[in-house]
Each structure stands twice: as structure tokens, then as C-alpha cells.
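Student: mind folding the following:
(chains A and B)
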Number of protein chains: 2
Amino acid sequence: MNIGIAGLGLIGGSLALGLRAAHRVRGYDTDEATRAAATRAGIEVVARLEDLLPADAVIVATPLKSVLQTLALLSPRADRAVLLDVASVRAPVDAFARDQKDGARIVGMHPMAGRSAQGFAAADHELLRGRPFLIVPTARSDSDAMAVAGAIARDAGGVVTVLSAAEHDRIAAVLSALPLALAAALSLTAGEAVGVRLDSFAGPGFRDATRLALTAPELGEPLLSANAGHVVAALARLRETLDEVERAVAERDIAGLRELLGRAATVRRTLE
Amino acid sequence: MNIGIAGLGLIGGSLALGLRAAHRVRGYDTDEATRAAATRAGIEVVARLEDLLPADAVIVATPLKSVLQTLALLSPRADRAVLLDVASVRAPVDAFARDQKDGARIVGMHPMAGRSAQGFAAADHELLRGRPFLIVPTARSDSDAMAVAGAIARDAGGVVTVLSAAEHDRIAAVLSALPLALAAALSLTAGEAVGVRLDSFAGPGFRDATRLALTAPELGEPLLSANAGHVVAALARLRETLDEVERAVAERDIAGLRELLGRAATVRRTLE
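Tutor: Numbers count the residues shown, from 1 in each chain, chains lettered A, B, ... in the order given. All right, here's what the predicted structure looks like:
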């Protein structure tokens, strides 16, 4: 396929590096230094967003706040090209697609992948290999467009799951936003409790538990605010479970704590 | 030095493997299979706990619930040997040492290290290298015993910090118990929200944030219950910070969320 990629940051850059073995890939980024870095890495880079067209598919991999604007620019001139976007919150794209009378077909393709480093410099095809790729149809999807999304996700090394926008956002609130919120809250609590000597005390468990707190604020904030309804609901459920843990701690309920930790370990082991 | 190690699990085994280059190390474990595995790995293993004496130091690296009993067995016959224990909650050892009229000198030496795998099979000197070793004096410590603890911690590759039992337990509640409680609560919340298909959705961030939920319940439970007072206080502080995050999410307070995430990232970056 001819695949355009709009936004060559961590995810877009990794997709470009991963897809070019099997496809003709062209990339674009608003940042000149990023375009130069991608060119040096052997990516074919175009000078303007619209130069990504014509194509079989264009992947919109910009920061969340620019996704709708980029889709709006591409849609009228997309012709046969399927627009795929990696937005990590689906409701805004879902609403956008429902409002479109015509224009391009749009399918969400959200890779559950990341690292604390950002930008094309951190891009790496291995980042995506074996990761869940959540394929989310919109009002502007058809079966051919879904097949294109599925094929590209698989060629990037992803493991494909298809689900609705609402289901996606409910699950992302629990699996992406909640861990970010907890990592931030835990880091802040530790900073207050321990102060500047934190590195004299923190072991690998604390480091793992707080790694997401390294997320750049401008990338983390929309994960929380653009999905606020689901995130508040997820926090409420988390608090209920934390209440159970706290009650068992306060009562030194050894059997209760073992039971809770045992259930948690059973859930977590499904990911090993 | 002649160093005895009582308990050849993950921590005791790693200490044995790390210290034998510079010291004569003898180990003991109540479990016969563990003794055999340590012997195969070239550790000198004795048949009974008391055979670790005479020694310059004996490190008690049993599970938390057996530490006091092991100290009580070793203390009357320790002679010049300094007893070091790796207990991850200090109050019980602190009280034990205060009750001793005579007997051995006792110093806490708690390495902030771990992994989800357990036992001698998972032991590895690299586990301890560069990790914080928290040296905690007791009523039965003197300057010579503190120096022995410091030397052994350094020889095991640790980075030494000295602090009181109360300060240790307050900090461990925030840096060890709280991350465990949050990882467990997050795993349980995700298990309920997503169900058995969790591995179709979870990315690396969720995996990092919940890795501590893999902790064996019998090892995790005492981290919470034996330090209950400090853990409940730590949970209360965490909840206050989480309230701040939740308020900002509910109000879609973008500036407030960026400020919170920025402060959290600043704290966490001190560990990179």
C-alpha cells in the first residue's frame, strides 16, 4: 500500500519505521527538525500535509489536540484514502465522524504502546511489536476501511482487537488514565514524604510503579481531561478497592490481605 | 570476614552470591531443596542454623514472620558475631532489641531491592548492586556493629543510608507498601472492568504500574499489616493527592492537570 503518516513523533515515527519494509511510506511533521531527523533515518518525507495524498491510507499520529484538525484538513481531499488515527481517546473522533456527511472513511487505530522518551528520536519499530492495537470503527467506517486498518496494524506488529469508541474509552480510562493518575499521585506523595533524598530510598518496585509519572504533562493531560467522565468513574471504582485494602490493613486482617493480594496477583499474572 | 546467612531466598541468596568474592560466606535455609540448590551454586551450606556460628556477622534473611524467632535463637550464642537482619518493617526488631538485656549486637540492613520471582533460583548479585541499603541501628547496636553493617552493605554493592527505625517504617510505608497496595487495587479494578481479555488491551504502562501486584501474598501481606499505622497514614496522604487529581479531571482543569503532572514528573525524574 501507499501509506502516509501525519506526525512523526514516538508513535508515528515507530509506525513509519515498522511499515516501510512492506509498504511505500511517506511521512510529514509540522516540526522541521523532526522532518530532517526522519529523512536522515531514511523515511521519505514530504513538505506539506496534503502531499501525503494520494494514498491508500493516511495515519494521523499527531498529538491528541491536533487530531480533529488534521482529519478535517485531509478528509475533503482524501479520495479513496482511508484515514486512520491513533487518538488515545475516541469520543472526539467518534463525534467528528458522525458529523461528517461525506468525505473520507475514518477508522481509529490506537496502539497501546509508549515509553517516557518522546519524539522521533525515541521511535523504534520494536515499541509496537506484540502490542495491542485497538481498532475502533466510526460512522465513517466501512468493511474495506476496517480491513485496511487491520492489515496495517498487523504489518506494524500489533495484535488487533476491534471495539466500539465507548468501550475503548471506558477501558482506556482504567488501563491508561488510571495508572497515569496513580503514578502521579504516588510520586507527589513520595516527594512530600521523603523529599530530595528520594533516590537514597527508592527501590525498583517504586520505580516501576511511578514510571508513568515521567509522561510529558502535555501528553498526559488530555488522557485525563478528554476522557474525564470515564476517568472519574474509574477513579471511583479504584477508591472502592483501595477502601477494601485500607480496611484490611487497619484491622491487620492477615487473611483478608492475603486474599486481596492473591486475587490481584491472579489478575496480573494473565499479563506474564 | 566470616559471614553467615540465615535464609537463602531471593535476598539472602543474592547476598551470599555477592559477598563470597570478598568474604567467607556460609549459608543456611530451613528448606532442604534450597540448601541443595545453594550448594550446587557453590555456596558453603551448613546443616543447622547454629552452625553459622562462630562468625563475624550473621545476616538474618528469612521471611519477616521468622526474623524475631531466628534472632532469638542466634542471640544467646552469637558471642562476637553482629546480627544483621533484612526485615522490611523495623518496629518489631526495634522492640525486640530494646527488650534484650544482653546477647548479640543487632543492626537492621534492609536492601530496597526485589523482583516478582522468589527463592534461591531467582537470586542474583546484580539484584542488589546500586540499590539503597537502609542501615537501621537498634538498642543493641554499637559503632563497631554499625561499621560491620556498613562494610557488608557496601561489599554487596549497596548504597548505604542510615536512619532510625521509625523513620524507616514511615518511608517504607510510602515507597514499598503504598506502591504494592496501589498495584493490587489497580489490578483488581482492571480485572473487574476488562475481564479475562486484559492482555488484549494492556500496554507497557499498565504492566509497569501493576508489576508489584505479582508479589507473593505471603510476602506482601506483612509489608502492609506489620506496618499498619504508617501504611494507613500513607494511604490517607495518597488519597488527598488523588482528590486533587480527581477534582482537576472532573473540572477538565487543563492548567491544573498540567501543573500536577509537571510536579509529579519533576519528583520522578530525580530517580532517572
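Student: show me the domain layout of chain A.
Tutor: Annotated domains of chain A cover A:2-163, A:168-269 [automatic domain parsing].
Student: would you list those domains in CSV and tack on distance to residue B:42, mean pLDDT and mean neighbour count?
Tutor: For glycine as for every other residue, the C-beta is placed from the backbone atoms N, C-alpha and C. As requested, those are exported to CSV (distance: least, CB to CB, whole Å; pLDDT from 0 to 100; neighbours: other CB atoms under 10 Å in any protein chain shown):
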stretch, distance to residue B:42, mean pLDDT, mean neighbour count
domain A:2-163, 37, 97, 20
domain A:168-269, 26, 97, 21
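Student: between those domains, which one is nearest to residue B:29?
Tutor: The minimum distance between residue B:29 and the domains of chain A falls on domain A:168-269, with 22.8 Å, by CB to CB.
Student: what about that closest one, start to end distance?
Tutor: Taking CA to CA, to the nearest Å, domain A:168-269 runs 23 Å from one end to the other.
Student: please, which helix or strand holds the most centrally placed residue in chain A?
Tutor: Geometric centre of chain A, nearest residue: residue A:88, 4.4 Å, by CA atoms, centre = their mean. Assigned by DSSP states H and E, residue A:88 belongs to no helix or strand.
Student: who touches stretch A:189-203?
Tutor: Contact with stretch A:189-203 is made by A:206, A:210, B:111-114, B:131-132, B:134, B:159, B:161, B:170-171, B:174-176, B:178, B:234, B:237-238, B:241, B:263-264, B:266-267, B:270-271, as judged by CB atoms under 8 Å, 6 or more residues apart in numbering or on different chains.
Student: before we move on, the earlier item: what distance do you get for the residue nearest to the centre of chain A to residue B:3?
Tutor: Here the criterion is CB to CB, to the nearest Å. By it, residue A:88 lies 52 Å from residue B:3.
Student: what comes into contact with the helix ranked longest in chain A?
Tutor: In chain A, taking DSSP state H as the definition, the longest helix is helix A:228-250. Helix A:228-250 has contacts (CB under 8 Å, 6+ apart) with A:169-170, A:172-174, A:177-178, A:181-182, A:224, A:253, A:256-257, A:260, B:181-182, B:184-186, B:188-189, B:192-193, B:224-225, B:228, B:231-232, B:235, B:239, B:242, B:245-246, B:249-250, B:252.
Student: if you set the cut-off to 6 Å instead, what comes out?
Tutor: A:169-170, A:173-174, A:177-178, A:224, A:256-257, A:260, B:181, B:185, B:188-189, B:224, B:228, B:231-232, B:235, B:246, B:249-250, B:252 (CB atoms under 6 Å, 6 or more residues apart in numbering or on different chains).
Student: and the stretch 51-200 of chain A, which of its residues are near chain B?
Tutor: A:112-114, A:132, A:161, A:171, A:174-175, A:179, A:181-185, A:187-191, A:193-194, A:198-200 (CB under 6 Å from any CB of the partner chain).
Student: show me where the stretch 51-200 of chain A has strands.
Tutor: Using DSSP state E, counting those that start in this stretch, the strands of the stretch 51-200 of chain A run over residues A:57-60, A:82-85, A:105-111, A:132-137, A:159-162.
Student: using PDB, write down the CA coordinates of the third one.
Tutor: Listed next in PDB are the C-alpha coordinates belonging to strand A:105-111 (Å, rounded to 0.1, in the frame of the first residue of the first chain):
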ATOM      1  CA  ARG A 105     -13.600   7.000   5.600                       C
ATOM      2  CA  ILE A 106     -12.200   7.200   9.200                       C
ATOM      3  CA  VAL A 107     -11.100   4.300  11.400                       C
ATOM      4  CA  GLY A 108      -9.400   4.500  14.800                       C
ATOM      5  CA  MET A 109      -6.200   2.500  15.300                       C
ATOM      6  CA  HIS A 110      -4.800   3.000  18.800                       C
ATOM      7  CA  PRO A 111      -1.600   1.200  19.700                       C
END
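Student: okay, now the sheet partners of that strand, with direction.
Tutor: Its sheet considered, strand A:105-111 pairs with strand A:82-85 (parallel), strand A:132-137 (antiparallel) by DSSP bridges.
Student: try the first one
Tutor: Each strand that strand A:57-60 pairs with, and the sense of that pairing, follows from DSSP bridges: strand A:2-6 (parallel), strand A:82-85 (parallel).
Student: tell me the helix or strand right after the longest one.
Tutor: Reading on from strand A:2-6 to the C-terminus, the next helix or strand found by DSSP H and E is helix A:10-19.
Student: that next one vs strand A:2-6, what angle?
Tutor: Put simply, helix A:10-19 runs at 160 degrees to strand A:2-6, going by axes from the mean of the first three to the mean of the last three CA atoms, to 10 degrees.
Student: please see if helix A:10-19 touches chain B.
Tutor: No. Figure legend: helix A:10-19 not in contact with chain B (CB under 6 Å from any CB); closest approach 11.4 Å.
Student: only C-alpha atoms, please: export the next helix or strand after that helix in CSV.
Tutor: For helix A:10-19, the following helix or strand on the C-terminal side (DSSP H and E) is strand A:24-28. Extracted in CSV, the C-alpha atoms of strand A:24-28 (Å, rounded to 0.1, in the frame of the first residue of the first chain):
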residue,chain,number,x,y,z
ARG,A,24,5.6,2.6,0.5
VAL,A,25,5.6,5.0,3.4
ARG,A,26,5.7,8.8,3.3
GLY,A,27,5.8,11.0,6.4
TYR,A,28,5.0,14.5,7.4
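Student: elements contacting strand A:24-28?
Tutor: If you count contacts as 3 or more CB pairs under 6 Å, 6 or more residues apart in numbering or on different chains; DSSP states H and E, strand A:24-28 packs onto strand A:2-6, helix A:10-19.
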